[in-house]
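Participant: Below is the sequence, then the predicted model.
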Amino acid sequence: MTLILQDVTVTAPGASAPLFAPLSLTVPPGVVAAVMGPSGVGKSTLLDLIGGHLGRGFRATGRVTLDGRDLLPLPAEARRVGVLFQDAHLFPHLSVGDNLAFGLSAQVRGRTARRAAVEQALDRAGLSGMARRDPATLSGGQRARAALMRTLLARPRAILLDEPFSRLDAALRAEIRAFVLDHIRAEAIPALLVTHDPEDARAAAGPIVPL
Amino acid sequence: MRLLLTALALTAATPALADWQATLDAARGQTIYFNAWGGDQRTNDFIAWVGQQTEARYGVKVEQVKLTDTAEAVSRVIAEKAAGKDTGGSVDLIWINGPNFLAMQQAGLLHGPFVADLPNARFVDLSAGAPASLDFTVPVEGMESPWRLAKFVFVHDSARVDPPETMADFVGLATAHPGRMTHPNPANFMGATFLKQALVELALDPAVLQSEPTEESYSAATAPLWAWYDALRPHLWRAGESFPENESVQAQMLNDGEVDIAMFFDPAAAASMIEQGLLPETARVFVPKGGSLGNVSFVAIPYNAAHKEGAKVVADFLLEPATQARMQDITVLGSFSVLDPARLDGAARAAFDALPTAPALPTLEDLGPTLAEPHPAWMTRLTADWAARYTK
Amino acid sequence: MIGARVIRGLVVLGIGGPILAGLAVTLAAAFGWLPAIGAREPGLDPWRQAMALPGVATSLRLTLVTGFGAAAASLALALALGLWTARHPGVLRWLSPLLAVPHAALAIGLAFLIAPSGWIARGLSGPLGWTQPPDLATVGDPWGFALILGLMMKEVPFLLLVIVAALSRVPVAAQMAAGRALGYGAGAVWAKVIVPQLYPLIRLPVFVVLAFSMSVVDMALILGPSHPPTLAVAILRGFSAPDPAMILPASALAMLQAGIVAGGVASWWLAERALAVAGRLWLRRGGRGGAGPVWAIAAVGGGTGLVLAVGSLSVLAIWSLAWRWRFPQALPESWSLRIWAAPGQGWGGDALVTLGLGLVAAALALALAIAWLEAEDRLGRRTPLAALVALPLLVPQIAFLHGVNVAFLRAGLPPGFAAVVWAHLLFVFPYVLLALAGPWRALDAGLIRSAASLGAGPARRLAGVKLPILLRPILTAAAIGFAVSVAQYLPTLFLGGGRVVTLTTEAVALSSASDRRVAAVYAVLQGALPLLAFGAAITLPALVQRNRAGLTGGLIR
């Protein structure tokens, strides 16, 4: 399971020049690579390209492969690339448990098995017994952990982190960062973190690419 | 010779029972779209009652298509004929009279003759020249079946004004009570009838009204009418600049005390509207002493009606003595019967005699003579002429 | 992708098709071509006939006066009240019943209130010693003031709602503070700074109001003059005259009506430019002056409107329960539930038909609107809605509905329930789409991306994320659609062939009958149905989605 970017560029709608110079990068399983740069340089756009969320009118060149599969022609839902955004984006109409169940891979069958998987993930996130809670009642840290668990339950082959810690206050930040990075490494999948915080990049402990 | 004709007429009027049974069989399960003016709640309620009865007895349902003007149904049949829809038409039965009947009959849009086939037609005087055989001077010829009697009457609030004796006296009345008298817009049937009532009384030679108007006869006959109207109009409600849309609105104005006079085509209307709380208890009927216009309301079946048998069953039910007696009951509808009292048996006559009466209900003598309706073309010209003269 | 294009094509065809076909038929008839009634000689005769109709010039003048008058007065009052409303948004909740009540019901109530024998006159009769109603033309007056008043009672709340919604896109508080720091009064900042920014955002609704005021039929039948009536009513009379040949001049007038609306919108636009220039000059003079008198007039106008509205709705309720109520009594002499207790005599069935039509039309419109918006999402391209919406809301109904009827007949769709549903859809769909497009497009895109990154395909994203999150705006849009359907008069009249009778057609017919009590029952029912729908749209999500504090209708928090 390796995420490979070859000479990737993205051009914004109406622009003549690409947002950044051709980018090549190989992220092996269990490694969290960090893409650094000031805001507006196109870090999020890069993640949109990989995740399949690029807006209409953006033009891309180069290749992105995951385990040898060419990702760019696939729709987002078929890429098996999980994304953690700045905002947890928990679905407001579902309970915490149902949010996780939404993410849980359909390969886990049977109501008991699925419920158990969700309960277990909640335990790991320190959210035991909160399955029926309204997501709006969770604290910022709890939301971030629930979002990570929801992403992991979908069994992604790679994971993208779009400044997921930037909205957390300093005390919580280190704790959540450690929690997220540990879990990703434990899954042994490649991950790409974009951030403007050098501390995030250092904690990722993988290759650091300036953009 | 005359005896022979009557005998022939009688034979013709006695339907072959077997044929009627076939009609009843075919009618069972049909739903009749009865296109009838829907501006009168009592009439609507009566039609709803008729539908309940025919459904229970003959399995014929009645859906009233409530028209604001009968012409709507006429133009619908015309449109269907133009579109080549010669069967399965959407109109089964129409409440119709006068110009609309003439228009449909001339265009060949009516089914019939069918009246003589109705078993209850034996209670009606269908001889030539009888009121039920003429519709605005036009012979009916069995193409429409009578169902209620219409006679033009005025209603005044006896607590406020004394009734004028003639149409000419209306000018004096209006001058004495400015703004307290009006009439429906002549685009409406009742408004046109008000003008016709005056026309019949004021025309120097009323006989010309019985045939189609020519340029000369029209201007000669209407000259006194317009002179009278020009004298009357400035003293009308809102200075004769604006008119109620129909007689129902005017009745409401009488009830509110906004005017002192209303008019109806139904001698029992005042009594039953008092009963309904829709007119003051002091409302009374009057007619000009020379008599008033009168006609019979009919139902007709369009040539392309989808449910002709059911329509006939309903037309027949409307002529049943019990139905007619209920219709004449002022607590129900209060419309005078079209049946010939001489043809009724004892039980049927008793049903009529037992009907409740009321102070506002005129007797037949109160109503005076019935004046013949002018030829329909007079009304058409009169209303167009009025609109051209008095629309700013 | 092809599916999405097909859906959009079908919607455009289903909504635009009948309107264009109807306009074409009417246009042909205006020039003497209507084979259905045997007219096959193209020419200008219908126009000559139309211009020779008694009172046509007066009708034209009435249409211009009432149309411009109602739209300009409504806009002025709404703008004057806008600042206050924006500061007290709770008021909007009280205005929504007025928005929901159909025009016909409100018009009937207003007529019961202000007629010479109306409630106000009854109230004044004691002190003034009236024993009979004054001979004053308060309803059906030859200038159309009553009609203007009735239109304003619907249009001011509508424009207020639009203004408050648009204000969220203008930094009012900051600009107000900046302006006042420069020594301008709040009124002056509002008029000189905020309104010029606001107006472009509400221009389309203003045009809709103008077009509606010029072509309204049901309110004009109830409140407007009748001898002669406004142009739209005169056209309706022509279309339903005993002589089918009258359809030709009526069609010519219908085209004239469409032209007047187009010309009206164009002249309004020119007046806007002129006002903008004048306003700029006024602004440069730098006057800080308080707009005191303007506020006073606005307060009086708003207060009067509110009193009239409450009075109209109350008098409807009272009449529906009255038995004998003669002038000059302020309250009925006797009360009765007789009409309410007899649904079988008419109103029960008519209410069911109205309910059925409304539900079917709202459900279809909702399905189409969701399909349309989802197709947009999948194509990744947004369509400006103005063009699609402008057609049915700006083109006068009377100009194309008769033609739609003829076109439907020729296409084998006879008058009846199905044809009426389709005709209602022409007007229900634009409102439903407009109501839903805002919240739909404002839905936090991150939620959808999250769902996609969790492996949810388009169908699951729609059913599992978008629809449940948008439940409240979806039901609100449905309720709006239902209310629009309930209020339809002409489409039901023209395409129902007399067989589809609704509370609205019946209420309008009963407004010129002798029994106010029955008319009141119909008007109350007509107003109650949309209110119930809005009630359901508010209650249902609250019940289904209680304990979900994060649901704000899908808007980004």
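Facilitator: It's in. The shown structure was predicted, so the numbers you read here are calculated from the model rather than taken from an experiment. Numbers count the residues shown, from 1 in each chain, chains lettered A, B, ... in the order given.
Participant: just checking, A:Leu211 touches A:Ser39?
Facilitator: No. The criterion here is C-beta atoms under 8 Å, and A:Leu211 misses it with A:Ser39 at 11.0 Å. Backbone N, C-alpha and C define where each C-beta goes, glycine included.
Participant: Those two: which has the busier surroundings?
Facilitator: Counted by other C-beta atoms under 10 Å in any protein chain shown, A:Leu211 and A:Ser39 do not tie: A:Leu211 has more neighbours, with 16 against 10.
Participant: Strands along chain B, start to end?
Facilitator: In chain B, the strands defined using DSSP state E lie at B:31-37, B:61-67, B:93-96, B:134-135, B:138-139, B:144-151, B:153-157, B:261-264, B:283-286, B:292-300, B:370-371.
Participant: With distance to chain C and mean neighbour count as extra columns, can I get the ones you listed in CSV?
Facilitator: Below are the strands of chain B laid out as CSV (distance: least, C-beta to the nearest C-beta, whole Å; neighbours: other C-beta atoms under 10 Å in any protein chain shown):
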stretch, distance to chain C, mean neighbour count
strand B:31-37, 7, 24
strand B:61-67, 4, 22
strand B:93-96, 11, 28
strand B:134-135, 16, 22
strand B:138-139, 16, 15
strand B:144-151, 17, 25
strand B:153-157, 10, 24
strand B:261-264, 9, 26
strand B:283-286, 12, 22
strand B:292-300, 15, 24
strand B:370-371, 24, 19
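Participant: and the gap between the spatially closest residue to B:Gly191 that is not a sequence neighbour and A:Leu148?
Facilitator: Nearest non-adjacent residue to B:Gly191, counting by C-beta to C-beta, 6 or more residues apart in numbering or on different chains: B:Pro184, 3.7 Å away. For B:Pro184, the distance to A:Leu148 equals 80 Å [C-beta to C-beta, to the nearest Å].
Participant: Same question for C:Pro42.
Facilitator: Distance, C:Pro42 to A:Leu148, by C-beta to C-beta: 75 Å.
Participant: okay, these two: which has more neighbours?
Facilitator: Remark: of C:Pro42 and A:Leu148, A:Leu148 carries more neighbours, 24 against 11, as counted by other C-beta under 10 Å.
Participant: Check which residues of the host helix or strand of that one are buried.
Facilitator: A:Leu148 belongs to helix A:140-153 when assigned by DSSP states H and E. In terms of neighbour count (16 or more other C-beta atoms under 10 Å in any protein chain shown), helix A:140-153 has its buried residues at A:141-153.
Participant: what's the answer for stretch B:332-344, then?
Facilitator: For stretch B:332-344, the neighbour count (16+ other C-beta under 10 Å) marks B:Val332, B:Leu333, B:Gly334, B:Ser335, B:Phe336, B:Ser337, B:Val338, B:Leu339, B:Asp340, B:Leu344 as buried.
Participant: does chain C sit close to it?
Facilitator: No. Against chain C, stretch B:332-344 shows no contacts by C-beta under 8 Å from any C-beta of the partner chain, the least distance being 12.9 Å.
Participant: which SS class is C:Arg338?
Facilitator: Of the three states, C:Arg338 takes coil under DSSP: H, G, I helix; E, B strand; the rest coil.
Participant: Next one, pLDDT for it please.
Facilitator: Reading off the confidence values, C:Arg338 has pLDDT 90.
Participant: Wait, it touches C:Trp323, no?
Facilitator: Yes. Applying C-beta under 8 Å as the test, C:Arg338 and C:Trp323 come out as touching, 7.1 Å apart.
Participant: Show me what whichever strand or helix holds A:Asn99 is packed up against.
Facilitator: Assessed by DSSP H and E, A:Asn99 sits inside helix A:96-103. If contacts are counted by 3 or more C-beta pairs under 8 Å, 6 or more residues apart in numbering or on different chains; DSSP states H and E, helix A:96-103 sits against helix A:111-124, helix A:140-153.
Participant: List of residues touching the first one?
Facilitator: What that stands for is helix A:111-124. A:96-97, A:100-101, A:104, A:108, A:128-131, A:146, A:149, A:152-153, A:183 (C-beta atoms under 8 Å, 6 or more residues apart in numbering or on different chains).
Participant: State whether A:Gly62 is indeed within a strand.
Facilitator: Yes. Under three-state DSSP, A:Gly62 sits within a strand.
Participant: That one - nearest residue in space that isn't next to it in sequence?
Facilitator: In space, A:Gly62 is closest to A:Val8, 3.7 Å off (C-beta to C-beta, 6+ apart).
Participant: you'd agree the one you found is up against A:Val64?
Facilitator: Yes. Contact status for A:Val8 versus A:Val64: in contact at 6.4 Å, counting by C-beta under 8 Å.
Participant: overlap in contacts of these two?
Facilitator: Jointly contacting A:Val8 and A:Val64 under the rule C-beta under 8 Å, 6+ apart are A:Leu49.
Participant: What are the buried residues along stretch C:530-549?
Facilitator: Across stretch C:530-549, burial judged by 16+ other C-beta under 10 Å covers C:Pro530, C:Ala533, C:Phe534, C:Ala537, C:Pro541, C:Gln545, C:Arg548.
Participant: what's the pLDDT at the residue in chain A positioned nearest to chain B?
Facilitator: Using C-beta to the nearest C-beta, the single residue of chain A nearest to chain B is A:His93, 46.3 Å away. What the model reports as pLDDT for A:His93 is 89.
Participant: Look at it and say how many residues are nearby.
Facilitator: Using other C-beta under 10 Å, A:His93 has 24 other residues around it.
Participant: Pull out the buried members of the contacts of helix A:111-124.
Facilitator: Buried among these (16+ other C-beta under 10 Å): A:Val96, A:Gly97, A:Leu100, A:Ala101, A:Leu104, A:Met130, A:Ala131, A:Ala146, A:Met149, A:Leu152, A:Leu153, A:His183.
Participant: Which one of those is nearest to C:Pro242?
Facilitator: Among those, A:Ala101 lies closest to C:Pro242 (C-beta to C-beta), at 68.7 Å.
Participant: what's the spacing between C:Val518 and A:Ala125?
Facilitator: 66 Å.
Participant: Which residues of the stretch 151-300 of chain C lie near chain B?
Facilitator: Looking at chain B, the residues of the stretch 151-300 of chain C close enough under C-beta under 8 Å from any C-beta are C:Pro225, C:Ser226, C:His227, C:Pro228, C:Arg237, C:Ser240, C:Ala241, C:Pro242, C:Asp243, C:Pro244.
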